[in-house]
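A.B. asks: Build me a model:
(chains A, B, C and D)
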Number of protein chains: 4
Amino acid sequence: MTDHPSGPPVPGRPRIHVPIHLRWGDLDAYNHVNNTSMLKLLEEARVRAFWRADEGPAAPSTAVLESGHASGLLTLIARQEIVYLQPVPYQRHPLDVQMWFGKVGGSSIEVCYEICSPAETPPQVVYARASTVVVKVDAESGAPVRFSQEERAAFEEYLDEPIHLRR
Amino acid sequence: MTDHPSGPPVPGRPRIHVPIHLRWGDLDAYNHVNNTSMLKLLEEARVRAFWRADEGPAAPSTAVLESGHASGLLTLIARQEIVYLQPVPYQRHPLDVQMWFGKVGGSSIEVCYEICSPAETPPQVVYARASTVVVKVDAESGAPVRFSQEERAAFEEYLDEPIHLRR
Amino acid sequence: MTDHPSGPPVPGRPRIHVPIHLRWGDLDAYNHVNNTSMLKLLEEARVRAFWRADEGPAAPSTAVLESGHASGLLTLIARQEIVYLQPVPYQRHPLDVQMWFGKVGGSSIEVCYEICSPAETPPQVVYARASTVVVKVDAESGAPVRFSQEERAAFEEYLDEPIHLRR
Amino acid sequence: MTDHPSGPPVPGRPRIHVPIHLRWGDLDAYNHVNNTSMLKLLEEARVRAFWRADEGPAAPSTAVLESGHASGLLTLIARQEIVYLQPVPYQRHPLDVQMWFGKVGGSSIEVCYEICSPAETPPQVVYARASTVVVKVDAESGAPVRFSQEERAAFEEYLDEPIHLRR
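C.D. replies: Numbers count the residues shown, from 1 in each chain, chains lettered A, B, ... in the order given. Predicted coordinates:
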C-alpha cells in the first residue's frame, strides 16, 4: 500500500519489546485488524512500557511514569502518525510491538513504533510503523509538567533515530 | 451489588482456564473495566477455547471448531447473561477466565464462565459470572448445523453444573 | 436462533424511544453487528435516557440522574441479559431502542429494552431484547444510594411488565 | 498541546459536513474522548461520505463507492495522521466532522478532516485535524483499482488545499 518496506525489523537497535495479544474483536468486517485497533495496540504498549507497575509482571526500565487522576498527572496524546504496511490477520501469539524514542523534550516525548508479527513465528515482518507525541500534563490545569531526572534517564536509554513516515 | 458471593472460585471442577490480558482501553470514564468490555473478554476466551488453531500456542483440547466464512460455518450468539460482582481495575497480569459447559445440545452449547482475578496474585476473587448460548450455523443459510462426534467428545470433558444467575 | 418472536414491537405501551446510530465499526469479522456492540448501543441509550442534560437536544423526561465523579454518584451495572433474535446489518438510519422499566427498587432499577430496526423503514422488527439492572451508588464508598422522589416519579411513568428472557 | 490553532473552522471552503454522535463509551478513564475513538469517528464519517447508500438518509454527492466483499472491492487505509488540539468532552449534539480531499490520485485519495464541536452550539471550535490516505483495492488480489470517471468527478467537487500537520 505504500513504498515503505514492510520487513523485517532492523536488529541491534535499542528497542523496548512489548508483547500485545490481538483479540478477535480487533477485526472489522473486512476480516483483518481494523485501522483504529492498531492504535489501541499502541496505546496498550505505551501503558505497559511507561506506567509504573504496582505489582505484576516485571515491567521495562521505562515504566517510571505516574499517571491517572489519583497522581495528579496525565499523559495526553498531542499527535499520531501511522503507516499501514500490510493487513494483519487474527493470530494467537502476541504481536511484538517494538518501541523507542525519537526525541525526549522537556515535557513531551516522541514515541516510535514498529508493530511486528510475533517473535515466535520467524521471519518477522513489520505490519505498521507509527509515532506518537505524548505530553505529561497536570491533571487539574492541563499545563505541561517537566519530566523528572529519573524519567529522562530511563527514556534516554532507548533514544534512537526518529521514524520517518513522511511521504 | 448482588447477593452472589464474589469469591473465590470453586476448586476441583472441570474448567478451561484462558488467561486474557486487560487493556487500559477496556476502562471507561468511571476508571474500571466497562460492562461491555467484560463481554469482549468472554468473546476472546471463547475464540481461544473453541476455534481450531492453525499454529501458535498450544490450544485447549476444546479448540476443535472451524469458524469463519472460509469454513462455511459460523458460531453465533443466541443469548447472554452476566452478573457483575465487583468493579475490575486495570492490572498487568492476565485475568483467569474459567469456562465450562452447562449443556451441550445438538447444535448449540451453553458456555459458563467465572471471570477471576489473576492466578498470579492469590487469593483469587470472582469478578463476574456469565453464560452464553452459542449456536453453530451454516454461514450461507444461517441454519443450525449439528456438532460432530469429535466436537461433542471434546466439549463433554468440561460438562458441569450450569451456572445459576437467576434472581 | 431462539423461539422468541422477532417482531414487530408491540404498540401502545409506555416506551422511551432513543434513536442510536450504528457505526460501521460495530460490525465484526462476520459482517454484522457484534454481540458486544449491541450492549454498547444499550449503554448509549441509557446515558441519553437517564442522565441529566446540561445542554443539547431535548432529553426525555427520565433524564434526571446526576452521574459521574463530579456529582459524587455513579450508576453501576449489576447484571445484564440479552437475547439476540436476528443478525443486524450496518445501516444509516438510527436504530430505535425502546426502553421501559420492569421494576423500580429503592436504589436499583430494571431497564428493559427492545432494539428495533429504524422507525424510518417500516415494518419494524425487533433485533434483540434485553434487560439491565442499574444501581445508583456513592462514588466514594460504592454504597447504594436511594432514588429521590423526583427520580422515582420520572421513572414510574415508564413502568411496564418486565421483559421475559427466561428459557 | 500544539501550536496549531484550535478554532474556529474556516468558512467558505468546499466541505462535506458529516454529523457524528459521540457515545459515552468513547470516553476513556481520563473522562474525555479517547485518542483512538477520534479515529473511529473519522472512520464513520468516511463510510457515510463515501459509500453508496442503498436506502436511508440522503447521502452526500460523494457517496459513490461500492465497498465490501460482495462488491469485490475494498477501501483500505494506507496512512493516517492526526493532531489533537483539545480534549473532547461527552456531549449529546453530534460533532461536525468536516471533510475534503487534499489529493485525488489514480486509485488513492487523501481525505482531510477537521473534527469540530457541534454546529448547534456556536461558536465552533476545532478539536482535531487529521488526514487519511485511502486506497481502492481488489478484494481478492489486494491490487489497487483505479477510480471511475464518476467517482473522480464526485470527489473533485471537494478538492481543496491539503491539511498541513507537519511539525
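A.B. asks: How far off centre is stretch A:113-128?
C.D. replies: From the chain centre to the centre of stretch A:113-128 is a distance of 14 Å (Cα atoms, centre = their mean, to the nearest Å).
A.B. asks: Go through chain A and flag its longest helix.
C.D. replies: Secondary structure of chain A per DSSP state H: the longest helix is helix A:35-50.
A.B. asks: could you check the angle strand D:73-84 makes with the next helix or strand after it?
C.D. replies: Following helix A:35-50 in sequence order, the next helix or strand is strand A:73-84 (DSSP states H and E). Here strand A:73-84 runs at an angle of 150 degrees relative to strand D:73-84 (axes from the mean of the first three to the mean of the last three Cα atoms, to 10 degrees).
A.B. asks: tell me what strand A:73-84 is packed against?
C.D. replies: When contacts are defined as 3 or more Cβ pairs under 8 Å, 6 or more residues apart in numbering or on different chains; DSSP states H and E, strand A:73-84 packs onto helix A:35-50, strand A:126-138, strand D:73-84. (Each C-beta comes from the backbone N, C-alpha and C, glycine too.)
A.B. asks: For the helix or strand following it, C-alpha coordinates in PDB please.
C.D. replies: Sequence order places strand A:95-104 as the next helix or strand after strand A:73-84, per DSSP H and E. Taking C-alpha atoms only, strand A:95-104 is exported to PDB below (Å, rounded to 0.1, in the frame of the first residue of the first chain):
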ATOM      1  CA  LEU A  95       2.400  -9.200  18.300                       C
ATOM      2  CA  ASP A  96       5.800  -7.800  19.000                       C
ATOM      3  CA  VAL A  97       5.400  -4.100  19.400                       C
ATOM      4  CA  GLN A  98       8.900  -2.500  19.300                       C
ATOM      5  CA  MET A  99       9.200   0.900  20.800                       C
ATOM      6  CA  TRP A 100      11.900   3.600  21.100                       C
ATOM      7  CA  PHE A 101      12.100   7.400  21.500                       C
ATOM      8  CA  GLY A 102      12.800   9.700  18.600                       C
ATOM      9  CA  LYS A 103      13.000  12.800  20.900                       C
ATOM     10  CA  VAL A 104      12.800  13.500  24.600                       C
END
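A.B. asks: Next, the buried residues of strand A:95-104.
C.D. replies: Using 16 or more other Cβ atoms under 10 Å in any protein chain shown as the test for burial, strand A:95-104 gives A:95-102, A:104.
A.B. asks: again, but for stretch A:9-23
C.D. replies: Using 16+ other Cβ under 10 Å as the test for burial, stretch A:9-23 gives A:9, A:15-16, A:18, A:20-23.
A.B. asks: Would you quantify the distance from the nearest residue to A:L65 once chain neighbours are set aside to chain D?
C.D. replies: Counting by Cβ to Cβ, 6 or more residues apart in numbering or on different chains, A:F50 is the residue found nearest to A:L65 once chain neighbours are left out, at 4.7 Å. The gap separating A:F50 from chain D is 14 Å, by Cβ to the nearest Cβ, to the nearest Å.
A.B. asks: who's in contact with A:F50?
C.D. replies: A:62-65, A:67, A:75, A:134 (Cβ atoms under 8 Å, 6 or more residues apart in numbering or on different chains).
A.B. asks: hmm, try it at 7 Å
C.D. replies: For A:F50, the contacting residues are A:62-63, A:65, A:75, by Cβ atoms under 7 Å, 6 or more residues apart in numbering or on different chains.
A.B. asks: pretty sure A:V125 contacts A:V88?
C.D. replies: No - using Cβ atoms under 7 Å, A:V125 makes no contact with A:V88, being 9.8 Å away.
A.B. asks: higher neighbour count, these two?
C.D. replies: A count of neighbours by other Cβ atoms under 10 Å in any protein chain shown puts A:V88 above the other of A:V125 and A:V88, at 22 against 18.
A.B. asks: Which strand residues bridge the residue nearest to the more buried one when sequence neighbours are not counted?
C.D. replies: Distance criterion Cβ to Cβ, 6+ apart; nearest residue to A:V88, sequence neighbours excluded, is A:V33 at 3.9 Å. For A:V33, the beta-bridge partners under DSSP bridges are A:L27.
A.B. asks: quick one: A:V33 and chain B, what's the gap?
C.D. replies: For A:V33, the distance to chain B - Cβ to the nearest Cβ - is 14 Å.
A.B. asks: cool, A:V18 as well?
C.D. replies: 11 Å.
A.B. asks: Name the SS class of that residue, please.
C.D. replies: strand (DSSP: H, G, I helix; E, B strand; the rest coil).
A.B. asks: nearest spatial neighbour of it, skipping sequence neighbours?
C.D. replies: Residue nearest to A:V18 in three dimensions, not counting chain neighbours: A:A45, with 4.2 Å by Cβ to Cβ, 6+ apart.
A.B. asks: Output the below-cut-off pLDDT ranges for chain A.
C.D. replies: Residues of chain A meeting the criterion pLDDT under 70: A:1-7, A:54-57, A:166-167.
A.B. asks: could you redo the last one with a cut-off of 80?
C.D. replies: Within chain A, the ranges that satisfy pLDDT under 80 run A:1-8, A:10, A:53-58, A:68-70, A:166-167.
A.B. asks: Contact residues of it facing chain C?
C.D. replies: Contact residues, chain A versus chain C (Cβ under 7 Å from any Cβ of the partner chain): A:25, A:27-29, A:31, A:34, A:36.
A.B. asks: 10 Å instead, please
C.D. replies: Neighbours of chain C within chain A, by Cβ under 10 Å from any Cβ of the partner chain: A:24-37, A:69, A:90.
A.B. asks: Buried ones from these, can you make that a ChimeraX selection?
C.D. replies: In ChimeraX, a selection of the buried entries from the residues of chain A next to chain C looks like this (16+ other Cβ under 10 Å):
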select /A:24,25,26,27,28,29,30,31,32,33,34,35,36,37,90
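A.B. asks: Can you pick out the most distant pair from the residues of chain A next to chain C?
C.D. replies: Largest separation among these by Cβ to Cβ: A:N31 and A:H69, giving 38.3 Å.
A.B. asks: could you dump the buried residues of strand A:95-104 to CSV with distance to A:E156?
C.D. replies: CSV is the format used below for the buried residues of strand A:95-104 (distance: Cβ to Cβ, whole Å):
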residue, distance to A:E156
A:L95, 26
A:D96, 23
A:V97, 20
A:Q98, 18
A:M99, 14
A:W100, 11
A:F101, 8
A:G102, 12
A:V104, 6
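A.B. asks: nearest to D:E151, of those residues?
C.D. replies: Nearest to D:E151 among the buried residues of strand A:95-104, with distances taken as Cβ to Cβ, is A:L95, at 34.6 Å.
A.B. asks: doesn't A:V18 make contact with that closest one?
C.D. replies: Yes - contact criterion Cβ atoms under 10 Å: A:L95 and A:V18 qualify, at 9.0 Å.
A.B. asks: got any residues that touch both of the two?
C.D. replies: Listed as contacting both A:L95 and A:V18 by Cβ atoms under 10 Å, 6 or more residues apart in numbering or on different chains are A:41, A:45.
A.B. asks: that older thread, name the residues contacting each of A:V125 and A:V88.
C.D. replies: Common contacts of A:V125 and A:V88 (Cβ under 10 Å, 6+ apart): A:115, A:117.
A.B. asks: Show the contacting residues for the closest residue to A:P89 other than its chain neighbours.
C.D. replies: In this structure, A:P89 finds its nearest non-sequential neighbour in A:H32, 5.9 Å apart by Cβ to Cβ, 6+ apart. Counting by Cβ under 10 Å, 6+ apart, A:H32 touches A:26, A:84, A:86-90, A:127, C:29, D:74, D:76.
A.B. asks: Quick check: phi and psi at A:H32.
C.D. replies: When quoted as degrees, to the nearest 10, the phi and psi of A:H32 stand at phi -140, psi 170.
A.B. asks: what's the distance between it and A:Y84?
C.D. replies: 10 Å (Cβ to Cβ, to the nearest Å).
A.B. asks: Now the common contact residues for those two.
C.D. replies: Residues touching both A:H32 and A:Y84 by Cβ under 10 Å, 6+ apart: A:127, D:76.
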